[in-house]
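J.: Predicted model and sequence follow; I will ask about them next.
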Amino acid sequence: MDFSTGRFIAADTPFDEADTVLFGAPYDSTTSFRPGTRFGPSAIRSESFGIETYSPYQDKDLCDARLWDMGDLELPFGAPEPALKMIEECTEHILSKGKLPIMTGGEHLVTLGAFRAVQKRHKDICLIQFDAHTDLRQDYLGNPLSHACVIRRCHDIIGDGRIWQFGIRSGEREEFAFAGEHTHIFPTAAEGVSFDGVKDAVREIGDRPVYLTIDLDVLDPSCFCGTGTPEAGGCTFNQLLVAVMTIGKELNVVAADLNELSPHYDQSGASTALACKLLREVVLCIGG
């Protein structure tokens, strides 16, 4: 076992033999509030050696998973389309080899690049989003390629009724109105987050392929403050974990991402440690 800190813990299966491939998309050029998510993938990789490879939640171990970490893409900053194209091509390469891609961000816009590649192979793809924000704006300050617009751009690709949104508690009035007509949205109520709708999603999606995207700001800032746009009233780690494991066990997840960690906003390192642990659980439940 190679425990090189240059990759995610236990992600040392050679690419040709791996079932699951991790890669980082360190991009945050359209961040609307506090920047820093470009440092998320490398922080997750290096700090993963502070967690165990074994998951007591699932009785599985990363050492038994055939996992490879190909590192971070070297993405250009500025106009987002070239970066999205590189992410799309990387995802296409992983899929072409019959492997499951899991991407770490980076701002949430990076999802669009990976989702484009997945949708080319899976025309009936569904998308499940865990997030504090709707991300359904038509544009943000005139820019349609913003992390505030990423789910709207995914909707442009797949249309109505194939997007499920959980943990949402922030967005423009128009975004919530759009979601009410075009997506399956489960907004957070005043009494708190509920993921009861996950069971409905599992039943409705059935055996169709799923892209899972996790914006870490779905978590409450009291347990995850290391993000660029924290929103009060979020879920706990355990609530999110149960929901993600349900999706991983019950649905055909063909690709996933975990994004919006800005590690330097939490000097304690707790937010990064949480991201590492959640990524371990994602790997083990959808690709383990």
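T.: Received it, and whenever you're ready, just let me know what you need. Residues are numbered from 1 along each chain as shown.
J.: what about the helix or strand hosting residue 274, distance to the chain center?
T.: Assigned by DSSP states H and E, residue 274 falls within helix 270-286. Chain-centre distance of helix 270-286: 11 Å, with CA atoms, centre = their mean, to the nearest Å.
J.: in it, what's buried?
T.: By 16 or more other CB atoms under 10 Å, the buried positions in helix 270-286 come out as 271-286. In this view, the C-beta of every residue, glycine as well, is placed from N, C-alpha and C.
J.: Which elements pack onto that helix?
T.: Where contact means 3 or more CB pairs under 8 Å, 6 or more residues apart in numbering; DSSP states H and E, helix 270-286 is packed against helix 40-47, strand 54-55, strand 100-105, strand 209-215, helix 237-250, strand 252-259.
J.: can you put these in TSV and add mean neighbour count, mean pLDDT and distance to residue 34?
T.: Listed next are those as TSV, based on neighbours: other CB atoms under 10 Å; pLDDT from 0 to 100; distance: least, CB to CB, whole Å:
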stretch	mean neighbour count	mean pLDDT	distance to residue 34
helix 40-47	23	97	13
strand 54-55	18	98	31
strand 100-105	26	97	15
strand 209-215	25	98	14
helix 237-250	19	98	22
strand 252-259	24	98	15
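J.: Out of those, which is closest to residue 14?
T.: Residue 14 lies closest, by CB to CB, to one member of the helices and strands packed on helix 270-286: strand 100-105, at 15.8 Å.
J.: which outside residues touch whichever helix or strand comes after the closest one?
T.: Next in sequence after strand 100-105, counting helices and strands by DSSP H and E, comes helix 110-121. Residues outside helix 110-121 that contact it (CB atoms under 8 Å, 6 or more residues apart in numbering): 25, 27, 83-89, 91-92, 95, 101, 103, 105, 125, 127, 145, 150, 153-154, 157-158, 209, 211, 213, 254-255, 257, 259.
J.: Dump helix 110-121 to CSV, restricted to CA.
T.: Output of helix 110-121 as CSV, limited to C-alpha atoms (Å, rounded to 0.1, in the frame of the first residue of the first chain):
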residue,chain,number,x,y,z
VAL,A,110,-17.1,22.8,-12.3
THR,A,111,-20.1,20.4,-12.2
LEU,A,112,-21.2,21.6,-15.6
GLY,A,113,-18.1,20.4,-17.3
ALA,A,114,-18.4,16.9,-15.8
PHE,A,115,-22.2,16.8,-16.3
ARG,A,116,-21.8,17.6,-20.0
ALA,A,117,-19.6,14.5,-20.5
VAL,A,118,-21.8,12.2,-18.5
GLN,A,119,-25.0,13.3,-20.3
LYS,A,120,-23.4,12.5,-23.7
ARG,A,121,-23.1,8.8,-22.5
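J.: Can you lay out the helices and strands packed on helix 270-286 as CSV showing distance to residue 33?
T.: Output for the helices and strands packed on helix 270-286, formatted as CSV (distance: least, CB to CB, whole Å):
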stretch, distance to residue 33
helix 40-47, 15
strand 54-55, 33
strand 100-105, 15
strand 209-215, 13
helix 237-250, 22
strand 252-259, 15
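J.: closest to residue 188 out of these?
T.: Set against residue 188 and scored by CB to CB, these come closest in helix 237-250, at 11.2 Å.
J.: quick check: angle from that closest one to helix 270-286?
T.: Orientation check (axes from the mean of the first three to the mean of the last three CA atoms, to 10 degrees): helix 237-250 against helix 270-286 gives 20 degrees.
J.: elements contacting helix 237-250?
T.: Helix 237-250 is packed against strand 126-130, helix 197-205, strand 209-215, helix 270-286, with contacts defined by 3+ CB pairs under 8 Å, 6+ apart.
J.: Mind doing that once more with 7 Å?
T.: Other elements packing on helix 237-250 under the criterion 3 or more CB pairs under 7 Å, 6 or more residues apart in numbering; DSSP states H and E are helix 197-205, helix 270-286.
J.: For that helix, output the C-alpha coordinates as CSV.
T.: The C-alpha coordinates for helix 237-250 follow below in CSV (Å, rounded to 0.1, in the frame of the first residue of the first chain):
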residue,chain,number,x,y,z
PHE,A,237,-22.9,15.8,8.8
ASN,A,238,-24.9,12.8,9.9
GLN,A,239,-28.1,13.9,8.1
LEU,A,240,-26.1,14.4,4.9
LEU,A,241,-24.3,11.1,5.3
VAL,A,242,-27.5,9.1,5.7
ALA,A,243,-29.0,10.8,2.6
VAL,A,244,-25.9,10.2,0.5
MET,A,245,-25.6,6.6,1.6
THR,A,246,-29.2,6.0,0.7
ILE,A,247,-28.7,7.4,-2.8
GLY,A,248,-25.4,5.4,-3.2
LYS,A,249,-27.0,2.1,-2.2
GLU,A,250,-30.3,2.5,-3.9
